[in-house]
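Undergrad: Give me coordinates for this.
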Amino acid sequence: MNIFVLLKRTFDTEEKITIAGGKINEDGAEFIINPYDEYAVEEAIQVRDAHGGEVTVISVGGEESEKQLRTALAMGADKAVLINIEEEIEASDQNTTAKIIAQYLKDQEVDLIIAGNVAIDGGSGQVGPRVAELLEIPYVTTITKLDIQGTNATVVRDVEGDSEVIETSLPLLVTAQQGLNEPRYPSLPGIMKAKKKPLEELELEDLDLEEDDVEAKTKTIEIYLPPKKEAGKVLAGDLNDQVKELVSLLHTEAKVV
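TA: Residues are numbered from 1 along each chain as shown. Model (predicted):
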């Protein structure tokens with residue numbers, strides 16, 4: 001079984017974001033595998049171990065993404081592909097990423113593609129479904145369970161506090177939701193093996209693509225941090241006085257009554 005995982009490099013969830021010159025300041029920042037993509041990597045490894053085959057991890061970005069790809073290899077993936085667009089594309093979006101990945105995958109023998117449900121930096125959840133549409137294969141998002149029998153798959157997906165069971169066939173793209181599994185940590189032997197596993201680096205011309213082919217469909221107008229929250233007020237006095245003061249504050253400051 002040929003399994004592909006879509007992986008993105010994102011800020012560490014503990015990282016304090018700062019803005020400099022209208023852009024997110026990356027100097028000295030820590031980056032990790034997008035947490036939802038870790039579920040995708042883990043699920044791919046489990047499917048491969050159960051059914052045989054190979055797990056290939058794909059990332060679109062700059063050379064810095066190699067670290068996160070090596071981490072996925074250390075977790076147990078077999079191969080990695082970095083499609084380097086750092087010096088070729090000034091502005092990219094989900095359309096850009098999806099078209100590049102789909103162009104690579106259309107020449108591969110694909111049985112299963114697993115992506116994270118969303119990326120924690122953008123949160124749009126578009127890349128996976130866009131890739132499936134371009135490849136003209138079925139897709140199921142926010143999955144919490146995946147069972148494959150032959151060329152058929154039964155998927156449980158999260159639907160706002162409830163679950164939905166879907167039966168479909170391979171090839172298939174799914175996006176991983178929290179609860180699908182518990183991602184493993186790379187072991188020391190895994191880290192050592194990852195250094196010898198193949199990591200292929202491609203550019204747009206290797207995929208017969210030009211910048212105009214993957215032009216961004218959206219434009220970022222402004223990036224800013226949310227306003228700082230003001231400290232809350234503690235009301236004093238007996239209950240009647242507190243209620244009167246609360247009503248007054250809701251009327252004069254919050255302006256909600």
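Undergrad: rest of the way, CA atoms for contacts and neighbours
TA: OK.
Undergrad: Distance of E64 relative to E210?
TA: According to Cα to Cα, to the nearest Å, E64 stands 22 Å off from E210.
Undergrad: for V110, same thing?
TA: To E210, V110 is 24 Å away according to Cα to Cα.
Undergrad: G76 too?
TA: Taking Cα to Cα as the measure, G76 falls 33 Å from E210.
Undergrad: which one of those two has more residues nearby?
TA: G76 (23 against 14; other Cα atoms under 10 Å).
Undergrad: Contact partners for that one?
TA: 45, 186, 190 (Cα atoms under 8 Å, 6 or more residues apart in numbering).
Undergrad: what domains does the record give for this protein?
TA: Taking automatic domain parsing as the criterion, the chain consists of the domains 2-214, 227-257.
Undergrad: Report the distance from the shortest one to the chain centre.
TA: The chain centre lies 41 Å from the centre of domain 227-257; the measure is Cα atoms, centre = their mean, to the nearest Å.
Undergrad: Repeat that for the longest one.
TA: Distance, stretch centre to chain centre, for domain 2-214: 6 Å (Cα atoms, centre = their mean).
Undergrad: and A102, how many neighbours?
TA: Other residues near A102 number 19, with proximity taken as other Cα under 10 Å.
Undergrad: hmm, back to that, looking at neighbours, which among the contacts of G76 is most surrounded?
TA: Counting neighbours by other Cα under 10 Å, the one among the contacts of G76 with the most is I45, which has 25 neighbours.
Undergrad: so what's E42 closest to, chain neighbours aside?
TA: P183 (5.2 Å; Cα to Cα, 6 or more residues apart in numbering).
Undergrad: which ones are touching the one you found?
TA: Residues touching P183, when contacts are defined by Cα under 8 Å, 6+ apart, comprise 38-39, 41-42.
Undergrad: Scan those and report the most crowded one.
TA: Among those, V41 has the most neighbours (other Cα under 10 Å), with 30 neighbours.
Undergrad: so that residue is in which element?
TA: Secondary structure assigned from DSSP states H and E places V41 in helix 35-51.
Undergrad: I would like the residues contacting that helix, please.
TA: With contacts defined as Cα under 8 Å, 6+ apart, helix 35-51 is touched by 1, 3-8, 54-55, 57, 72, 75-77, 114-120, 175-178, 180-184.
Undergrad: so can I have a markdown table of the domains of the chain showing distance to I221 and mean pLDDT?
TA: Conversion of the domains of the chain to a markdown table gives the following (distance: least, Cα to Cα, whole Å; pLDDT from 0 to 100):
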| stretch | distance to I221 | mean pLDDT |
| --- | --- | --- |
| domain 2-214 | 10 | 93 |
| domain 227-257 | 18 | 84 |
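Undergrad: quick check: longest strand of this structure.
TA: strand 139-149 (DSSP state E).
Undergrad: measure D206 to I101 for me?
TA: Summarising the geometry, the distance separating D206 from I101, computed by Cα to Cα, is 12 Å.
Undergrad: more neighbours, the two?
TA: For D206 versus I101, neighbours defined as other Cα under 10 Å are more numerous around I101 (22 against 11).
Undergrad: for that one, what are its contacts?
TA: The neighbourhood of I101, defined by Cα under 8 Å, 6+ apart, consists of 58, 60, 131.
Undergrad: most tightly surrounded among the domains of the chain?
TA: Between these, the one whose residues have the most neighbours on average, counting mean count of other Cα atoms under 10 Å, is domain 2-214 (a mean of 18).
Undergrad: can you give me the end-to-end distance of that one?
TA: Between the opening and closing residues of domain 2-214 there is a gap of 26 Å (Cα to Cα).
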